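Engineer: The following comprises the amino acid sequence and a computationally predicted model.
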Amino acid sequence: MSMIRPFAALRPALGRAAEVAAPPYDVVSREEAYALVQGKPWSFLHVSRAEVDLPQGTNPYSPSVYAQAKDNLQKMEQAGVLVRDTTPCYYVYRLIMGEHIQTGIASVVAVDAYEAGRIRRHELTRPDKEDDRVRQIDALNAQTGPVLLAYRDHPEVATLLAGVTQTPPEMDVTALDGVRHQIWTIVATALIDRLTVLFEGMDRLYIADGHHRSAAAARVAALRGGGSAAHGYFLAVAFPDREMRILDYNRLVRDLNGLSREAFLASVSHSFQIVPVDAPLRPQRSGEYGLYLPGQWYRMTVNPSLVPTDPVARLDVSVLQERLLAPVLGVGDPRRDARIDFVGGIRGLSGLQSRVDSGEMAVAFALYPTTLDDLMAVADADAIMPPKSTWFEPKLADGLLSHVF
C-alpha cells in the first residue's frame, strides 16, 4: 500500500464553494457555529456541528447529532450543492493569509502508514473527542475534516505543484476570517503516479493538526477490517515544512494559588529574571516570555542553566510548566486543571490582557511559538508534546474536500 493515494473527492459544485466552506469543527463553539449558519443553509457547519439544527442544549455527543449530520450531508448531495468526482485525483490546496502563502497536496493517507509510525504523532488525544470523531465518521460513511500534515521540503514536489497552479483554480473562496482557499485538481495519470512515488520515498510525514481525526479514522478502519479499501485511508492535506506557520499558544491562570502579587513575583524570580516593560510584550526568542498582571506587563527570561536538552523538556511550554505553573501556581496537569486556559496567538496579546483586566483571570503568559523543527524532533523521538503547544495558522476549511467510503 502506498503511503498516499488519489481519491474521488466529494466537494462543492462549481460556484458553490463560498456557500459551503466552513471553519474546522473544533475551532468554533456551538454559539459561534449557530451564529455562522444564520442565513447559510449550505454551510458545512450543518454537517460538522449538526447540533446547530437541534434544540438548544442538545448534547453535542447525542446520537441525534450524528443522525442529523448524516441527513444534512445527504440533503447537500441531493440538492446538487455537493458533487463527487468520477475518478480518483490529487488536489493542490493553497492557503493565502495576508502575505503568507502555503501550497500543499490533498490526498488520502494509509492508516497502515499511520499505525507503522510513518505518519508521526506528537500529541495525546482526549477519549471524548476521539469517540466523537469515530461516531461522526461512522455515521457519515465519510471523513469530512482533513488532517493537516507536514513533510520535509522536497524540491521536485514543489516544482510539480507549482506547475499545476499556473492555471486558474477550480475553487477560490475567501473565508470570513480573510483566509483565501484555492484548489486545483490533478487528473494527469503520469503526474499522479510521480507524486505517489515521491511521497512513498519520504521517510515520514508529520501530523501538525488533526490528531483526533487521524486516531478516529484508524479506529474506524479497524472496525471495518482495515486493508486497502477506502476506509483504510484518511483525508489529509500535506504542506512543506518551510511554508507552514506556527503561532504562539499562550496561557492564562485564574488565580495566584493564594499568593499575593509580591509573593508570586518573588517565587517566579527563583527561575526567571523579571523586568517591567511599558507595552505588551511578544517574545522574540525561545526562553523569553511575556508576563501580565493587572495593569503591568513584564519581560520574563528563564535562567539558561535550567533549560534541559531533552526535546520535550526544553520546549518553552515545558519550561513554563515545570518551573512556574506547577511549583508556583499549583497547575499540576494542564490537560485537566480547570484553572488554566489556552489562547491561540491569532487572538493577539490584547485578548490576554483584557481577560486579566476583567478579573476573569489573574495572570497571563505570552510564549514564543514552538518551531516545526521542535515538533519534528519530538515526533521523531516517539515523544509527546505538552498539551496546547502549537497553533497552526492558517487553517484548512471543512467542506471543500471530503473522503467518502
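Structural biologist: Perfect, thanks for sending it.
Engineer: now the helices for the stretch 1-150 of the chain?
Structural biologist: Secondary structure of the stretch 1-150 of the chain, counting by DSSP state H, counting those that start in this stretch: helices at 17-20, 30-37, 45-48, 63-78, 111-115, 127-140.
Engineer: Assign the closest residue to A381 other than its chain neighbours to helix, strand or coil.
Structural biologist: Nearest-residue entry for A381: P311, 5.2 Å, with adjacent residues in sequence omitted and distances by C-beta to C-beta, 6 or more residues apart in numbering. For glycine as for every other residue, the C-beta is placed from the backbone atoms N, C-alpha and C. Following DSSP: H, G, I helix; E, B strand; the rest coil, we place P311 in the coil state.
Engineer: what about P311, how many neighbours?
Structural biologist: Using other C-beta atoms under 10 Å, P311 has 20 neighbouring residues.
Engineer: Let me know whether P294 touches V356 as I believe.
Structural biologist: Yes: here P294 reaches V356: they are 5.8 Å apart, a contact under C-beta atoms under 8 Å.
Engineer: Sketch out the low-pLDDT regions of the stretch 151-300 of the chain for me.
Structural biologist: By pLDDT under 70, the stretch 151-300 of the chain has no low-scoring segment.
Engineer: let's see it at 90
Structural biologist: Judged against pLDDT under 90, the low-scoring parts of the stretch 151-300 of the chain cover residues 176-177, 225-228, 247.
Engineer: the helices in it, which residues?
Structural biologist: Using DSSP H, counting those that start in this stretch, the helices assigned to the stretch 151-300 of the chain run over residues 155-164, 189-200, 211-223, 261-268.
Engineer: how far out from the middle of the chain is the longest one?
Structural biologist: I take that to be helix 211-223. In terms of C-alpha atoms, centre = their mean, to the nearest Å, the centre of helix 211-223 is found 16 Å from the chain centre.
Engineer: Kindly report the same for the last one.
Structural biologist: When C-alpha coordinates are averaged (C-alpha atoms, centre = their mean), helix 261-268 and its chain have centres 35 Å apart.
Engineer: Give me the residues contacting that helix.
Structural biologist: Residues from elsewhere that reach helix 261-268 (C-beta atoms under 8 Å, 6 or more residues apart in numbering): 256-257, 259, 274, 291, 293, 300, 324, 327-328, 363.
Engineer: And the furthest pair within these?
Structural biologist: With distances taken as C-beta to C-beta, the most widely separated pair in these is L293 and P327, at 18.1 Å.
Engineer: Pass me the low-pLDDT residue ranges in the stretch 301-405 of the chain, would you?
Structural biologist: Of all residues in the stretch 301-405 of the chain, those with pLDDT under 90 make up the ranges 332-338, 343-348, 351, 385-391.
Engineer: ok, now the stretch 1-150 of the chain?
Structural biologist: Per-residue confidence of the stretch 1-150 of the chain (counting by pLDDT under 90) places the weak regions at 1-2, 26-30, 57, 123-129.
Engineer: can we see that at 80?
Structural biologist: The stretch 1-150 of the chain contains residues with pLDDT under 80 at 1.
Engineer: For the nearest residue to P88 once chain neighbours are set aside, grab the count of nearby residues.
Structural biologist: Closest residue to P88 in three dimensions, ignoring its sequence neighbours and counting by C-beta to C-beta, 6+ apart: P6, at 3.8 Å. Using other C-beta under 10 Å, the number of residues around P6 comes to 24.
Engineer: Which residues are in contact with P6?
Structural biologist: With C-beta under 8 Å, 6+ apart, P6 has these contacts: 88-90, 107-108, 186, 192, 196.
Engineer: buried ones in stretch 105-122?
Structural biologist: Of the residues in stretch 105-122, 105-114, 118-122 count as buried by neighbour count, 16 or more other C-beta atoms under 10 Å.
Engineer: Tell me the one of those residues nearest P41?
Structural biologist: Proximity of the buried residues of stretch 105-122 to P41 was ranked by C-beta to C-beta; the top entry is A106 with 25.7 Å.
Engineer: Setting aside sequence neighbours, what's the nearest residue to the closest one?
Structural biologist: The spatially closest residue to A106, leaving aside those adjacent along the chain, is Y91, at 4.0 Å (C-beta to C-beta, 6+ apart).
Engineer: pretty sure that neighbour contacts A9?
Structural biologist: Yes: using C-beta under 8 Å, Y91 is in contact with A9, at 6.5 Å.
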